[in-house]
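Trainee: the following comprises the amino acid sequence and a computationally predicted model.
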Amino acid sequence: MGMSRTLYLRDLIKESITDTNYQVYQDEAPEGASYPYVVFEVSATTEDDFPKSGILEINAWDRHNTFSRVDNVMDIIEGKLRHQFFKNQYVAFRTFDGTRSHIPDEDKAIKRTREKFIIRFNSMEGE
(Lines give C-alpha, C1' and ligand atoms only; values in the text may rest on other atoms or scores of the structure.)
Protein backbone atom coordinates (compact mmCIF):
# COMPACT_ATOMS: atom_id res chain seq x y z
CA MET A 1 0.00 0.00 0.00
CA GLY A 2 2.81 2.43 0.86
CA MET A 3 4.50 1.80 -2.48
CA SER A 4 1.43 2.71 -4.51
CA ARG A 5 1.04 5.94 -2.53
CA THR A 6 4.67 6.74 -3.28
CA LEU A 7 3.94 6.22 -6.98
CA TYR A 8 0.93 8.53 -6.70
CA LEU A 9 3.20 11.10 -5.03
CA ARG A 10 5.69 10.92 -7.90
CA ASP A 11 2.89 11.23 -10.45
CA LEU A 12 1.55 14.30 -8.64
CA ILE A 13 5.01 15.92 -8.60
CA LYS A 14 5.50 15.22 -12.30
CA GLU A 15 2.06 16.60 -13.11
CA SER A 16 2.81 19.78 -11.14
CA ILE A 17 5.95 20.63 -13.18
CA THR A 18 5.22 19.30 -16.67
CA ASP A 19 3.95 22.39 -18.50
CA THR A 20 7.39 24.00 -18.77
CA ASN A 21 7.80 23.08 -22.49
CA TYR A 22 10.60 20.73 -21.44
CA GLN A 23 10.47 16.96 -21.12
CA VAL A 24 10.21 15.88 -17.47
CA TYR A 25 11.66 12.55 -16.33
CA GLN A 26 11.69 10.77 -13.01
CA ASP A 27 15.09 9.67 -11.61
CA GLU A 28 16.99 9.80 -14.93
CA ALA A 29 16.52 10.79 -18.54
CA PRO A 30 16.61 8.10 -21.20
CA GLU A 31 19.75 7.79 -23.28
CA GLY A 32 19.57 10.19 -26.20
CA ALA A 33 17.00 12.51 -24.58
CA SER A 34 16.70 15.84 -26.37
CA TYR A 35 18.03 18.89 -24.56
CA PRO A 36 16.86 20.75 -22.61
CA TYR A 37 15.08 18.48 -20.14
CA VAL A 38 14.22 18.19 -16.45
CA VAL A 39 14.84 15.26 -14.11
CA PHE A 40 13.37 14.98 -10.63
CA GLU A 41 13.78 12.54 -7.78
CA VAL A 42 12.27 12.25 -4.33
CA SER A 43 14.17 10.95 -1.34
CA ALA A 44 12.47 10.30 1.98
CA THR A 45 14.10 11.62 5.12
CA THR A 46 11.71 9.82 7.47
CA GLU A 47 9.97 6.58 6.68
CA ASP A 48 7.41 4.22 8.10
CA ASP A 49 4.51 2.88 6.03
CA PHE A 50 4.56 6.14 4.06
CA PRO A 51 7.31 8.80 4.20
CA LYS A 52 6.38 12.03 5.96
CA SER A 53 9.06 14.34 4.63
CA GLY A 54 11.85 14.36 2.14
CA ILE A 55 13.82 16.20 -0.47
CA LEU A 56 12.55 16.89 -3.96
CA GLU A 57 15.60 17.37 -6.19
CA ILE A 58 15.03 18.86 -9.61
CA ASN A 59 17.78 19.14 -12.24
CA ALA A 60 17.44 21.06 -15.47
CA TRP A 61 19.90 19.92 -18.17
CA ASP A 62 20.82 21.65 -21.40
CA ARG A 63 23.49 21.69 -24.08
CA HIS A 64 23.97 25.43 -24.51
CA ASN A 65 26.67 28.07 -24.17
CA THR A 66 25.12 29.71 -21.07
CA PHE A 67 22.98 28.77 -18.08
CA SER A 68 20.15 31.03 -19.28
CA ARG A 69 17.77 28.29 -20.45
CA VAL A 70 18.24 26.00 -17.44
CA ASP A 71 17.86 28.98 -15.10
CA ASN A 72 14.72 30.05 -16.94
CA VAL A 73 13.08 26.63 -16.61
CA MET A 74 14.10 26.46 -12.94
CA ASP A 75 12.51 29.89 -12.37
CA ILE A 76 9.27 28.52 -13.84
CA ILE A 77 9.41 25.35 -11.74
CA GLU A 78 10.28 27.28 -8.59
CA GLY A 79 7.30 29.55 -9.22
CA LYS A 80 5.07 26.49 -9.47
CA LEU A 81 6.44 24.73 -6.38
CA ARG A 82 7.65 27.24 -3.81
CA HIS A 83 5.37 27.26 -0.75
CA GLN A 84 2.61 25.43 -2.63
CA PHE A 85 0.21 22.66 -1.63
CA PHE A 86 -0.72 19.88 -4.09
CA LYS A 87 -3.09 16.97 -3.66
CA ASN A 88 -5.04 14.27 -5.41
CA GLN A 89 -7.28 11.60 -3.93
CA TYR A 90 -4.31 9.53 -2.69
CA VAL A 91 -1.57 11.87 -1.53
CA ALA A 92 -0.79 15.48 -0.77
CA PHE A 93 2.44 17.38 -0.47
CA ARG A 94 3.61 20.85 0.49
CA THR A 95 6.88 22.37 -0.68
CA PHE A 96 9.16 24.71 1.21
CA ASP A 97 12.11 26.89 0.20
CA GLY A 98 14.49 25.54 -2.36
CA THR A 99 18.24 25.87 -2.64
CA ARG A 100 19.59 26.31 -6.17
CA SER A 101 23.06 25.81 -7.60
CA HIS A 102 24.83 25.34 -10.91
CA ILE A 103 26.53 21.95 -11.17
CA PRO A 104 29.71 21.85 -13.27
CA ASP A 105 30.06 19.14 -15.89
CA GLU A 106 33.23 17.76 -17.47
CA ASP A 107 31.66 18.66 -20.81
CA LYS A 108 31.61 22.48 -20.71
CA ALA A 109 28.75 22.53 -23.23
CA ILE A 110 26.46 20.80 -20.72
CA LYS A 111 24.66 23.15 -18.35
CA ARG A 112 22.92 21.81 -15.24
CA THR A 113 21.04 23.71 -12.58
CA ARG A 114 19.85 21.86 -9.48
CA GLU A 115 17.25 22.93 -6.95
CA LYS A 116 16.37 21.00 -3.83
CA PHE A 117 13.05 21.56 -2.07
CA ILE A 118 12.03 20.28 1.33
CA ILE A 119 8.65 18.58 1.03
CA ARG A 120 6.16 17.23 3.53
CA PHE A 121 3.70 14.61 2.35
CA ASN A 122 0.51 13.06 3.62
CA SER A 123 -1.41 10.06 2.41
CA MET A 124 -5.09 10.74 1.84
CA GLU A 125 -7.91 8.60 3.15
CA GLY A 126 -9.78 6.32 0.80
CA GLU A 127 -7.15 4.29 -1.04
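Mentor: Nice, I can see it.
Trainee: hey, which strand is longest across this protein?
Mentor: Longest strand in the chain, counting residues (DSSP state E): strand 110-123.
Trainee: elements contacting that one?
Mentor: With contacts taken as 3 or more CB pairs under 8 Å, 6 or more residues apart in numbering; DSSP states H and E, strand 110-123 sits against strand 53-63, helix 68-81, strand 91-102. C-betas here are computed from N, CA, C, even on glycine.
Trainee: at 10 Å what do you get?
Mentor: helix 2-17, strand 37-46, strand 53-63, helix 68-81, strand 85-87, strand 91-102 (3 or more CB pairs under 10 Å, 6 or more residues apart in numbering; DSSP states H and E).
Trainee: Throw the ones you listed into JSON lines and include mean neighbour count, distance to Phe121 and mean pLDDT, thanks.
Mentor: What follows is those, written out as JSON lines (neighbours: other CB atoms under 10 Å; distance: least, CB to CB, whole Å; pLDDT from 0 to 100):
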{"stretch": "helix 2-17", "mean neighbour count": "17", "distance to Phe121": "6", "mean pLDDT": "73"}
{"stretch": "strand 37-46", "mean neighbour count": "16", "distance to Phe121": "9", "mean pLDDT": "82"}
{"stretch": "strand 53-63", "mean neighbour count": "20", "distance to Phe121": "7", "mean pLDDT": "90"}
{"stretch": "helix 68-81", "mean neighbour count": "18", "distance to Phe121": "13", "mean pLDDT": "88"}
{"stretch": "strand 85-87", "mean neighbour count": "13", "distance to Phe121": "10", "mean pLDDT": "79"}
{"stretch": "strand 91-102", "mean neighbour count": "16", "distance to Phe121": "4", "mean pLDDT": "84"}
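Trainee: alright, calling it a day.
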